[in-house]
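Engineer: kindly return the folded structure for what I paste below:
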Amino acid sequence: MPGGVLLAAKSVSQAILLLAALTNKNPRMLGLVKGARRWWSGKKIAVIGPTASGKDSFLARLQGKPVPMVHANSSMGEAIRAFRVKLTLSSHQAIDIRCRGVINIGGETDYRDAPDGWLAVCRDADVVFYLMTITDLVERAFRKGGRIRGDLNWLLTALPHLKKGALVHVLINKVDERINNHTDYPALTRELRRDLRALHRTVRKTLHPYETKYTGATLISMKSTQIYTVAMNEVLLSVYAAFHETRETRPSEAA
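Structural biologist: Sure, this is the predicted structure:
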């Protein structure tokens with residue numbers, strides 16, 4: 001339907017503008033593009049998060065495969081072979097990353113806490129991607145008693161057992177759904193900015209004394225190729241920028 005196409009196009013453009021408004025502007029990031037390309041090459045990532053947060057869709061996107069139309073629970077420790085990730089950065093430079101291996105796992109707390117659960121998945125990863133949804137963000141599921149807060153508490157206990165130098169980045173999926181339900185985009189931007197600040201404070205406080213492992217949170221949509229590409233551009237650079245700055249201030253922790 002033409003109206004549906006128009007709404008989708010408008011949502012994408014508004015999402016991209018919203019992402020730009022909410023992204024922390026780091027003037028050093030563009031200068032780090034070459035270093036980021038080298039650093040990401042060959043990295044091993046882990047993908048964790050609650051059920052239906054978009055883990056399978058994220059892995060499909062990374063591999064250049066169609067996003068699954070129907071959600072299915074992931075098996076315990078589902079290993080995925082090494083693959084290449086190709087994206088074009090905002091600087092128009094192509095980035096070709098070879099992920100050594102990815103492990104996906106179910107999102108239920110039973111999977112999280114099992115002996116061969118999340119810890120086994122994350123132990124050898126260079127970067128752990130934690131997925132949550134935009135609903136988790138706006139409903140503040142990261143407050144005490146919420147599911148996201150429970151996962152953050154788990155991360156705190158897990159970080160000492162992860163690979164030296166491992167980093168954690170949060171992906172907030174389904175931002176397109178939030179935009180579809182709004183017409184006052186400046187108000188939505190202000191709302192999400194407040195929510196993101198609250199999330200950042202909570203993550204850093206919860207992960208102390210390992211808060212430097214946290215590289216930030218990025219709004220993303222696995223359904224929209226354009227939103228996904230813009231968001232991943234920010235993710236790849238911000239993760240490396242955090243790594244770069246951490247190693248400058250703490251050279252003894254170099255991976």
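Engineer: now for this protein, the helix or strand with the poorest mean pLDDT.
Structural biologist: strand 101-104 (a mean of 58; mean pLDDT, DSSP states H and E).
Engineer: relative to residue 181, how far out is residue 42?
Structural biologist: 40 Å (C-beta to C-beta, to the nearest Å). Backbone N, C-alpha and C define where each C-beta goes, glycine included.
Engineer: so for the two, which residue has more residues nearby?
Structural biologist: residue 42 (13 against 8; other C-beta atoms under 10 Å).
Engineer: how near is that one to residue 232?
Structural biologist: Distance, residue 42 to residue 232, using C-beta to C-beta: 18 Å.
Engineer: quick revisit: which neighbouring elements make contact with the following helix or strand past the least confident helix or strand of the chain?
Structural biologist: Per DSSP states H and E, the first helix or strand lying C-terminal to strand 101-104 is helix 109-113. When contacts are defined as 3 or more C-beta pairs under 8 Å, 6 or more residues apart in numbering; DSSP states H and E, helix 109-113 sits against helix 147-158.
Engineer: please enumerate residues in contact with the helix it packs on?
Structural biologist: With C-beta atoms under 8 Å, 6 or more residues apart in numbering as the test, helix 147-158 has contacts from 48-50, 109, 112-113, 118-119, 122, 128, 130, 132, 136, 141-143, 168, 202-203, 206-207, 210.
Engineer: hey, which helix is longest across this protein?
Structural biologist: helix 225-249 (DSSP state H).
Engineer: where along the stretch 1-150 of the chain do the strands fall?
Structural biologist: 44-48, 78-80, 83-88, 94-99, 101-104, 127-133 (DSSP state E, counting those that start in this stretch).
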